[in-house]
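Colleague: compute the structure for the input listed below.
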Amino acid sequence: MRDSIRAARVWERDIDLASKGGIPLLAQQAACLLGGRPVSLDENTWRIVFHEAHRRWQLDISALKGEDIEADLKSRDFTINAIAWEMAERALLLHDPLHGEADLAAGCIRWCSPNCFLDDPLRLLRAVRFSAQLGFFIEEETLEEMRRASHLLGRVSRERVRDEFFKILAQPESARHIQTLKELGLLEEAVPGIAAMYHLAQEWPHRLPLWDHSLQTLREIEWMARALPEIIPQRSSYLQAHLNGILEAEIDVFLVLKFVALLHDIGKPFTRTIDEKGRVRFFGHEEEGRSKISAISRSLRLGRKVKAHAQILVGSHLRPILLASEDRLTRRAKYRFFRDLGDLGIDLLLLGCADLRATVGEADPQLSRYQSFLGEMIRYYLEEFVSLRRAPLIKGRDIMQAFGLPSGPQIGLLLKRIQEAEAEGSFQTREEGLNYLGAHLQEWLESEEKTD
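Modeller: I've put the predicted structure just below:
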């Protein structure tokens, strides 16, 4: 209803219907018409998920709350959502008891009643999400009540909190909306542990305190996604397709990258030390961050794939910056980077660039060097590493047959060494590779024994 009145170009893909009765039968009939499957959420609410034009839609059918449609609308969350068409016998009747149409015209989000957030505290996040999606402002009295009621968010199921939080994070200029959540006291309710980042100072080379740096990293990752055709023109189509890849439900690679950009330094408040010269250090903050992002992911009920993705990125986020600072970028170093990370290395490289931009600023020479490094690493991955991974010249069975070795950990060690040598260009054919392995076999095995 809200989007039809606004003639919105981008519609919410969910529809609400309210009826006085016959909900199960109405849901079955609607499901048949739409080609979806009805699911009972409770005794008075049914949901139908269906697809149209390759897009997922959601239709909720529920019983009227109150004696009539006017009472139902007055119990809704915000006035812009308290507008309805009633399908009467001969006409459509517009109901707008709280003047939501005027608020739509003014771009204003206003609560329907003082019980708005008490009735359903998830509305605290929904207000910010609607503001972000629609470009509306939140009316002052509503905003003040949101501050007072922020603690109520703890009553909401974590799955519902997750969905709203990620919808906010998915919006353009999401750092601004994340800051709004912080100012309202909602962010720490949604993301446990994040408040530790709010007041932590940082020293050189950082130009910003930790929280400002984290928001800036989020801004930079959004900027990079828009600027890919300028930063890496020959690979931008591949990178955009990669970022659009779905990890789970409606969470894509780019959304997880934004989540990690915000939280990549979550380990710093817990590892802060001061050395003998009075310098502040955060040794081991990557590993501590890996643990913290794991706990946050569990709290938000994120799936195994997204959780693992976030853990690796947070735990390794310094690696590309350190690699880019080396005097010489060897083929072995490039190979090892992608051997350890696979295509997740692409995400880590983009995160490293956003992190560095937020740290030193756009004019710093380090940034120009890193962007050259970024282009070379992506070229290497697509032109060399992918083919090496798909069809290495030497495989485990080749080593066992050529040298009479049994299957076991030794084969894994030798395979790792010989594939690194291939990546460096030490041999070009399978025969040359076996000869190279024979020349180094004893040395590599003895090296492994000393390590053990």
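
Colleague: tally of neighbours for the residue nearest to Gly361 when sequence neighbours are not counted?
Modeller: Using C-beta to C-beta, 6 or more residues apart in numbering and skipping the chain neighbours, the partner closest in space to Gly361 is Arg207 (6.1 Å). C-betas here are computed from N, CA, C, even on glycine. A count of nearby residues for Arg207, using other C-beta atoms under 10 Å, gives 14.

Colleague: and Arg207, what is it in contact with?
Modeller: 359-361 (C-beta atoms under 8 Å, 6 or more residues apart in numbering).

Colleague: which of the residues you listed count as buried?
Modeller: Burial by neighbour count, 16 or more other C-beta atoms under 10 Å: within those this picks out 359-360.

Colleague: C-terminal to the strand or helix carrying Arg339, what's the next element?
Modeller: Element membership of Arg339 [criterion: DSSP states H and E] is helix 331-341. Following helix 331-341 in sequence order, the next helix or strand is helix 344-360 (DSSP H and E).

Colleague: could you check how far the residue nearest to the spatial centre of the chain is from His213?
Modeller: When C-alpha atoms, centre = their mean is applied to the chain, the residue found nearest the centroid is Val256 (1.9 Å). Per C-beta to C-beta, to the nearest Å, Val256 is found 20 Å from His213.

Colleague: how about Ile399?
Modeller: Distance, Ile399 to His213, using C-beta to C-beta: 47 Å.

Colleague: and for Arg272, the neighbour number?
Modeller: Arg272 - counted by other C-beta under 10 Å - has 17 other residues nearby.

Colleague: quick one, what contacts it?
Modeller: Contacts for Arg272 were tallied using C-beta under 8 Å, 6+ apart; they are 200, 280-282.

Colleague: just the buried residues of those residues.
Modeller: Using 16+ other C-beta under 10 Å as the burial test, the contacts of Arg272 include 200, 282 as buried.

Colleague: which of the contacts of Arg272 scores worst on pLDDT?
Modeller: In this model, the minimum pLDDT among the contacts of Arg272 belongs to Val280 (84).

Colleague: thought it was touching Glu203?
Modeller: Yes: using C-beta atoms under 8 Å, Val280 makes contact with Glu203 at a distance of 5.3 Å.

Colleague: any regions of the stretch 51-200 of the chain where pLDDT drops low?
Modeller: Residue ranges of the stretch 51-200 of the chain with pLDDT under 70: 53, 88-91.

Colleague: how far away from the center of its chain is stretch 305-320?
Modeller: Taking C-alpha atoms, centre = their mean, to the nearest Å, one finds stretch 305-320 lying 12 Å from the centre of the chain it belongs to.

Colleague: buried stuff in it?
Modeller: 306-307, 309-317, 319-320.

Colleague: can you list contacts of stretch 96-103?
Modeller: Stretch 96-103 has contacts (C-beta under 8 Å, 6+ apart) with 2, 5, 70, 73-74, 78-83, 109-110, 112, 139.

Colleague: any idea which element the residue nearest to the centre of the chain lies in?
Modeller: Assigned by DSSP H and E, Val256 falls in helix 253-263.

Colleague: and that helix, what other elements does it pack with?
Modeller: helix 158-169, helix 210-231, helix 236-243, helix 285-299, helix 304-315, helix 344-360 (3 or more C-beta pairs under 8 Å, 6 or more residues apart in numbering; DSSP states H and E).

Colleague: what's the first helix or strand after the third one?
Modeller: Next helix or strand after helix 236-243 toward the C-terminus (DSSP H and E): strand 246-248.

Colleague: buried sites along that following strand?
Modeller: Leu247.

Colleague: kindly report the same for stretch 232-252.
Modeller: The neighbour-count check on stretch 232-252 (16+ other C-beta under 10 Å) flags 232, 235, 239, 242-243, 247, 251-252 as buried.

Colleague: check what pLDDT Ile5 gets.
Modeller: 47.

Colleague: quick check, Asp327 in a strand?
Modeller: No: read with DSSP: H, G, I helix; E, B strand; the rest coil, Asp327 is coil and lies in no strand.

Colleague: so what touches whatever helix or strand Glu144 lives in?
Modeller: In this structure, Glu144 sits in helix 140-149 according to DSSP H and E. By C-beta under 8 Å, 6+ apart, the residues outside helix 140-149 that reach it are 78, 109-111, 114, 116-118, 121, 124, 127, 138, 184-186.

Colleague: tell me the domain boundaries of the protein?
Modeller: The chain resolves into domains spanning 2-20+64-183, 201-390, 396-451 when parsed by automatic domain parsing.

Colleague: okay, these in CSV with distance to Phe50 next?
Modeller: Shown next, in CSV, are the domains of the chain (distance: least, C-beta to C-beta, whole Å):
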stretch, distance to Phe50
domain 2-20+64-183, 10
domain 201-390, 15
domain 396-451, 48
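
Colleague: to Arg37, which of these lies closest?
Modeller: domain 2-20+64-183 (15.8 Å; C-beta to C-beta).

Colleague: so how far is that closest one from its chain's centroid?
Modeller: Distance, stretch centre to chain centre, for domain 2-20+64-183: 24 Å (C-alpha atoms, centre = their mean).

Colleague: same question for stretch 413-431.
Modeller: Here the centre of stretch 413-431 is set off from its chain's centre by 36 Å, with C-alpha atoms, centre = their mean.

Colleague: in it, what counts as buried?
Modeller: Judged by neighbour count (16+ other C-beta under 10 Å), stretch 413-431 contains these buried residues: 414-415, 417-419, 421-423, 427.

Colleague: tell me which of those residues fall in strands.
Modeller: If you go by DSSP state E, the buried residues of stretch 413-431 have nothing in strands.

Colleague: in JSON lines, list those residues along with pLDDT and distance to Lys65.
Modeller: Output for the buried residues of stretch 413-431, formatted as JSON lines (pLDDT from 0 to 100; distance: C-beta to C-beta, whole Å):
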{"residue": "Leu414", "pLDDT": "81", "distance to Lys65": "69"}
{"residue": "Leu415", "pLDDT": "77", "distance to Lys65": "65"}
{"residue": "Arg417", "pLDDT": "79", "distance to Lys65": "68"}
{"residue": "Ile418", "pLDDT": "79", "distance to Lys65": "69"}
{"residue": "Gln419", "pLDDT": "76", "distance to Lys65": "64"}
{"residue": "Ala421", "pLDDT": "76", "distance to Lys65": "70"}
{"residue": "Glu422", "pLDDT": "74", "distance to Lys65": "67"}
{"residue": "Ala423", "pLDDT": "70", "distance to Lys65": "64"}
{"residue": "Phe427", "pLDDT": "78", "distance to Lys65": "74"}
